[in-house]
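# Here is the input, now give the coordinates:
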Amino acid sequence: MAVVLRSMRDFKRFLEKPGATIQIVRNTFVERQPAGTIEAYRAKGLFAPRHVQAVTRKAAIFAIAGHPGTVWLYWDKGARGWKFHEDTVTVPLVTGLGPPDEITYRCSLAGEEPRPRAKPVRTAIRTDLFDALPA
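Numbers count the residues shown, from 1 in each chain. Modelled structure (predicted):
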């Protein structure tokens, strides 16, 4: 089953599922840094998949694949400014260092590859049904 997120409630339900994983696909703050700094962030696991370890009322705790320790994602002020679209969540990042930034996470379940959405198949209306009716 594909992940579809429309609200903070959907996101929290997703995080409670076994095998829930998020991965940073875009971080505008990091994108403005020099190439060496970006590689240092990458080496520390910034863009590695994050597997949910626990969910509290106001945060989620993640383990980073291949790295010791944990990372927390807080939503103590609710989802103010958060954007939900299909399997991505965009979180505003307030650094106070220049223009507003944001982090975009892609959400997936363990062992599930993101699949393109199937287009609905439309069938033609049967006209032979009306031929059998009395006039």
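
# hang on, residue 91 is in a strand, isn't it?
Yes. Residue state for residue 91 (DSSP: H, G, I helix; E, B strand; the rest coil) corresponds to a strand.

# That one and residue 82 touch, don't they?
Yes. Counting by C-beta atoms under 8 Å, residue 82 is a contact partner of residue 91 at 5.6 Å. Yep, even glycine has a C-beta here, placed from its N, CA and C like the rest.

# so what sits against both of these two?
Common contacts of residue 91 and residue 82 (C-beta atoms under 8 Å, 6 or more residues apart in numbering): none found.

# residue contacts, residue 83?
Residue 83 neighbours (C-beta under 8 Å, 6+ apart): 89, 90.

# can you do 10 Å?
Residue 83 is in contact with 5, 89, 90, 91, 92, 102, 104, counting by C-beta atoms under 10 Å, 6 or more residues apart in numbering.

# Mind checking which of these are buried?
For the contacts of residue 83, a burial check counting by 16 or more other C-beta atoms under 10 Å picks out 5, 89, 90, 91, 102, 104.

# pretty sure the fourth one contacts residue 60?
This points to residue 91. No. When contacts are counted by C-beta atoms under 10 Å, residue 91 is not listed as touching residue 60 (11.8 Å).
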